[in-house]
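> Turn this into a structure:
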Amino acid sequence: MILKRNVLALALASGLCLTAGIQAAPADAATKADGSMAGSGATGDQAAATSAQQAGPGTGKDDKSKQTQDQQLAKSLSAITVTGYNQDMEKSIDYQRYSDTITNVITSADIGGLPDQSIADALTRLPGVSAERIAGQASQVNIRGLSGNFIQTTLNGREQPSTSGSNYIQFDQYPSELINMATVYKSSQASLITGGVGGTIALQTANPLEAPKEQNLNVDARGSYNSQAGDVAGANSTGYRLSAAYQGKFLDNTLGVGLGVAQMYQPHVAEQFVGEASDGQLYTLPSGQKAYLTQGLQLQQNGGTERRTGEVATVVWKPTDELQVSGDAFYSKFKNTSFGYGFRTQNIYGGNQGLISNAVLGPFGTMTGGTVTSTGGGNFSNETTADNYTTDTSVFSGGLNARWDHGNWHVNTDLSLSRASSNEINVDTTADPYNGLGTATPTLMGQSTTYQLAGRKIGTVSFANPGIYTNLNDMGLSRYGVYPYIYHDKMKAFRTDVKYDMPNSSWLAALEAGVYLNNHDYNADREVYVYGNEWGGPGTTPLTIPASAAKVTCWSGKFANFPCFLQLNGPAILAAHGIVANPVKDIHNNSWSEIQSGSVAEQTRDLYFQGDLDAQVFGHQLTGNFGMRYSHQNQTSNGLQQVGNNAGIPITDGNGYTSLDYAPLTVGKKYSDWLPSLNLVYHVSDDDQARFSAAKVLSRPPINQMMAGSGSWVSTAGGQNYYNVWGGTSPLLDPLRATQYDLTFEHYFDDSTGLLSAGVYYKDIKSFIQAVTYNNFDFAGAGITVPIDPATGKPFLNGDYQTAYNAKGGQVKGLELAASKTGFLPGIWKGLGVQANFALTDSNVRNPTTLGGPTSYIGLPGLSKRVASAAVFYDYGPFSARVSGNYRSKFASDTQMSVTNQMVTFAAETVYDFQASYDITQQWGVVFQLLNLTNQPTRTYFGSDPSQTGTIQYFGRTSYLGVNFKL
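Have a look, this model is predicted:
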């Protein structure tokens, strides 16, 4: 089915006309969080209540029927009388208890009730869920040791596009104030959209028809302070968070309107000590030592601002008990403007091993300290750096939904449009000390650096003549580069589900079938502007620095002993010399800007069938579901292939240069999968359940790894010429397929006041995506054109192909334990509650790396062997408080940036937070928060050698003080 843009736009405009242009929120009160049909065609508290009304006497089921379970859920939810954190926890337990799948749930008493910076913070409180901190705050989420590329994410049942340039969702894009509930599906079922080998995260916004009163208003305002800002020159220390949410019911509760807005403005603050990677080669030093050398090291002060604005709106119309029509949308815009000032010792390796003395080697032979001394010229320097990063991202997700419930029949149809964009611009400015600066032939000064890494602690660095690095007569701008990275990710989807309740069956509660169509388009654009070169060359004369474009800056706090440097204004320096930076596609000097630009299109066509179970086995109730999902995928990518020898078509870049060495390329493949699933819940007693799940699942390849563009070169061996291709990506990748099993036992305390659970799981993942070089590759067989060799008049011989491929997979297995309890003490301590969980994960998959020197092996990206979370909370009358801690052991990730993303090991970390609130009246309250109480840094190292420092970053602790108003 082809989804017409104009039809969808018209439908969205019609359905959302009442929102006055504010981009919107939830709407589908008829679907579960996963987008499938609820048993009665409703969700949340209202879903359970509706189901309870429909399941009355004469249904043919006994007292333990599935319809009666829905009644129990509705009764349990309505019977909750506690408030604050106790209320949210008990509601979450109820949803988990009555779910057919293995899930964990986070709920909010009302919209704006989740006390976290983003929804990612809330998700990390769940068993086996952890987050990677980017710029000090939780962003990419990991589930059961698998990275975000293995996780499917939906909002109101709709698949979400990504601002990351890959598949994983950056959850700091989603304000917690606008999310009403989050469900993590750890087992699969046929009605779930494919993509969640690690799990599926289903986010929901609030439905105004489910609001407790006819008119509801929630306003929150908080000011923030960052403790680290005083150590970073030019950084702000203060920020704020504002949010407002309205929900109203009209026309005898048949029309619901929900509006919400949340804005965050906060300082971006960090101090970095960075040890750089090795090239994996063994060098001989003047001392005779054999050592692996690193590129260098960096120190930076990072500052800037982050501004996020999120908006939601919903219109729900329910004119009869059988018909409901809704329109909803969500919009979030996140802008991060940051700077990084400091210095970089560059090129310790790469032929400079003769400059090294007093080398200190780590346990695996990698140099971790010593002195590097140059006599001038060459390519070793202590550079002054000034980096600027601007990231402007946005997400829109909205659609129209119609639901019809007639007796035992339930039909749900959803039409949606979602899009994401990311415009990231990296600017790097480099200055070096020169002899003869301002003359026609300046030369790089001789320099000397002594350093010592200290593993996961801040090391030491000193310069032999630190004064030259703050002297404008010595320092000249050697290089200025601008690198835009632009992504567009768009999805147009259609879903329809039909469900039939079977009240008279002795073992089936319902049958359900559905169709899901999704057209997914991804575009990536690269541009570049570069002036100069640190090591000289034609047309790269270093520029003198005006006094107005530089300021001497020193360090304080934990970094106080490092040398001072010049804080540079790169654009002002260029302007003083009449130079304007204009980044464009540059096919002549930077061909990668054309090769790494391109598009990927995915077409998903899915069908599913699912049966809900409800039977008696050995005198106890057995519920759950079974089903089959058929998923068909068509993936293609358009890009440029470097064919060489003027064998392509004319392509003119942004500088006006025309090349005939490139040809358009379209490559892709189709595949289909049958995905069975089974979920069983055996009710051992009213309070005890045993759960078993088995399913085949898949996750599509990361979309940025399916780009078709490729560069090439010609090599000669044995008198013959060979055509070789580089690119590192492939549109021919297969999805990541897996078979998974879960077994869990759960005990629920009376009135849902607590939970004890223990579970094990096993995932057999068939393949992982890795880089590979194929020799004598059959290019023609893969649809890649081989150009003509001018020497023979025939195509070049097949050479090497550097690409991505589906490497052998492996197993991921683990154990999860969780416990929670409220109301276990008398009197004023009745409001005390505790919540704790622990997850143990292991895998036989190991990935090789030489970034730390010799080849070593690290685990799956995102896999921490141990993950734990604990919280103690207290509610008493108008007062609520919570202190929590999240721990994760070491894990691998490629989120550390150098010139490109680097796979590093993140050291173990524990982050503590605190929040307290007091309701002054029924309408007014105050709130106080402390985030990252202990100023826990992010620490990385290369390979399996903790002495080989990667990055150490301190972000400071953030405090919030604010007021809220409810009506």
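> got the contact list for the nearest residue to P861 once chain neighbours are set aside?
Excluding the flanking residues, the one nearest P861 by Cβ to Cβ, 6 or more residues apart in numbering is S147, at 4.6 Å. No exception for glycine: its C-beta is placed from N, CA and C like everyone else's. Shown in contact with S147 (Cβ atoms under 8 Å, 6 or more residues apart in numbering): 140, 168, 198, 860-862, 893.
> So for S944, what's the pLDDT?
Note for S944: predicted pLDDT of 87.
> what's the answer for A30, then?
So A30 comes in at 40 (pLDDT).
> Q811 now?
For Q811, pLDDT reads 97.
> E594 now?
94.
> what about it, neighbour count?
25 (other Cβ atoms under 10 Å).
> If Q301 is in a bridge, with which residues?
With DSSP bridges as the criterion, Q301 is bridged to E271, Y341.
> contacting residues around it?
The contact partners of Q301, taken as Cβ under 8 Å, 6+ apart, are 231-233, 235, 271-272, 340-342, 553, 555, 559.
> Closest to T375 out of those residues?
When the contacts of Q301 are compared for distance to T375 (Cβ to Cβ), G342 wins out at 25.2 Å.
> Test my guess that that closest one contacts V274.
No. In this structure, G342 is not within contact of V274 by Cβ atoms under 8 Å, at 9.1 Å.
> which neighbours do the two share?
Common contacts of G342 and V274, defined by Cβ under 8 Å, 6+ apart, comprise 298-300.
> which among the residues you listed gets closest to D88?
Closest to D88, out of all of those and judged by Cβ to Cβ, is Q300, at 39.8 Å.
> just checking, that closest one touches T385?
Yes. At 7.0 Å, Q300 counts as touching T385 under the criterion of Cβ under 8 Å.
> overlap in contacts of those two?
In contact with both Q300 and T385: 340-342, using Cβ under 8 Å, 6+ apart.
> I'd like the residues you listed as CSV, with pLDDT appended.
CSV is the format used below for the shared contacts of Q300 and T385 (pLDDT from 0 to 100):
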residue, pLDDT
G340, 94
Y341, 95
G342, 96
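> and which of these is nearest to A122?
Using Cβ to Cβ, G340 comes nearest to A122 of those, at 29.9 Å.
> wait, doesn't that closest one sit right on V269?
No. Taking Cβ under 8 Å as the definition, G340 is not a contact partner of V269, at 11.4 Å.
> Now the element after the helix or strand containing Y485, going C-ward?
Y485 belongs to strand 475-501 when assigned by DSSP states H and E. With elements assigned by DSSP H and E, the helix or strand that comes after strand 475-501 is strand 508-526.
> Between G342 and V274, tell me which one has more neighbours.
Neighbour count, other Cβ under 10 Å: between G342 and V274, G342 has more, with 25 against 19.
> Spatially, which residue comes closest to Y682, not counting chain neighbours?
That would be A690: by Cβ to Cβ, 6+ apart, it lies 4.5 Å from Y682.
> next one: G557
Using Cβ to Cβ, 6+ apart and skipping residues adjacent in sequence, the residue nearest G557 is D231, 4.1 Å away.
> The one you found: how many residues sit nearby?
D231 is flanked by 20 other residues according to other Cβ under 10 Å.
> Now do it against G195, distance only.
Applying Cβ to Cβ, to the nearest Å, the value for D231 to G195 is 42 Å.
> swap in Y341?
To G195, Y341 is 41 Å away according to Cβ to Cβ.
> A916 now?
As judged by Cβ to Cβ, A916 and G195 stand 39 Å apart.
> and if you look at Q953?
31 Å.
> higher neighbour count, the two?
A count of neighbours by other Cβ under 10 Å puts G195 above the other of Q953 and G195, at 23 against 20.
> Using the three-state scheme, assign the more buried one.
Recorded secondary structure, G195: coil (DSSP: H, G, I helix; E, B strand; the rest coil).
> Is it correct that it is in contact with S162?
No. G195 is beyond contact range of S162, at 11.5 Å (criterion: Cβ under 8 Å).
> quick revisit: tell me what the strand holding Y485 is packed against?
Judged by 3 or more Cβ pairs under 8 Å, 6 or more residues apart in numbering; DSSP states H and E, the packing partners of strand 475-501 are strand 158-159, strand 381-406, strand 409-435, strand 508-526, strand 529-532, strand 543-544, helix 570-576.
> contacting residues for the closest residue in space to R846 that isn't next to it in sequence?
Nearest residue to R846 in three dimensions, chain neighbours excluded: Y857, at 3.9 Å (Cβ to Cβ, 6+ apart). Contacts for Y857 (Cβ under 8 Å, 6+ apart) come out as 846-849, 944.
> Strand partners (parallel or antiparallel) of the helix or strand hosting Y857?
Element membership of Y857 [criterion: DSSP H and E] is strand 856-858. Here strand 856-858 is paired, per DSSP bridges, with strand 847-849 (antiparallel).
> model confidence over the partner strand, on average?
In this model, strand 847-849 has a mean pLDDT of 87.
> In it, which residues are buried?
Using 16 or more other Cβ atoms under 10 Å as the test for burial, strand 847-849 gives T849.
> if we can go back for a sec, ok, which of the helices and strands packed on strand 475-501 comes nearest E214?
Nearest of those (Cβ to Cβ): strand 381-406, 22.3 Å.
> how close does T450 get to I649?
55 Å.
> okay, those two: which has more neighbours?
T450 (16 against 12).
> Dihedrals phi and psi, N379?
With angles defined as degrees, to the nearest 10, N379 sits at phi -140, psi 30.
> Run a quick neighbour tally on it.
So N379, with other Cβ under 10 Å, has 15 neighbours.
> hang on, it packs against S478?
No. N379 sits out of contact with S478 when judged by Cβ under 8 Å, with a separation of 11.3 Å.
> Report the set of residues contacting both of those two.
What both N379 and S478 touch, as defined by Cβ under 8 Å, 6+ apart, is the set E534.
> hey, what's the residue nearest to Y682 bridged with?
In this entry, A690 is beta-bridged to Y682, F745, by DSSP bridges.
> isn't it right up against H747?
No. The pair A690 / H747 is not scored as a contact, 10.4 Å apart, by Cβ under 8 Å.
> Give me the residues contacting stretch 873-889.
The set of residues external to stretch 873-889 that reach it, using Cβ under 8 Å, 6+ apart, is 82-87, 89, 115, 124-125, 130, 828, 831-835, 864-872, 908-920, 925.
> Which positions within that stretch qualify as buried?
Across stretch 873-889, burial judged by 16+ other Cβ under 10 Å covers 873-875, 880-889.
> Among the residues you listed, which lie within strands?
Filtering these for membership in strands, criterion DSSP state E, returns 873-875, 880-888.
> can you redo those as TSV with pLDDT?
Converted to TSV, these look like this (pLDDT from 0 to 100):
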residue	pLDDT
F873	92
Y874	94
D875	91
S880	92
A881	93
R882	92
V883	94
S884	93
G885	95
N886	95
Y887	97
R888	96
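> Using TSV, lay out those residues together with distance to P583.
Output for these, formatted as TSV (distance: Cβ to Cβ, whole Å):
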residue	distance to P583
F873	50
Y874	54
D875	54
S880	50
A881	50
R882	47
V883	47
S884	44
G885	44
N886	39
Y887	42
R888	38
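> need the contact list for the closest residue to T384 other than its chain neighbours.
Nearest non-adjacent residue to T384, counting by Cβ to Cβ, 6+ apart: A431, 4.3 Å away. A431 makes contact with 383-386, 475-478, 542, 545, 566, 568 under the criterion Cβ under 8 Å, 6+ apart.
> of all those, which comes closest to Q621?
Closest to Q621 out of the contacts of A431 is T385 (65.3 Å), distances taken as Cβ to Cβ.
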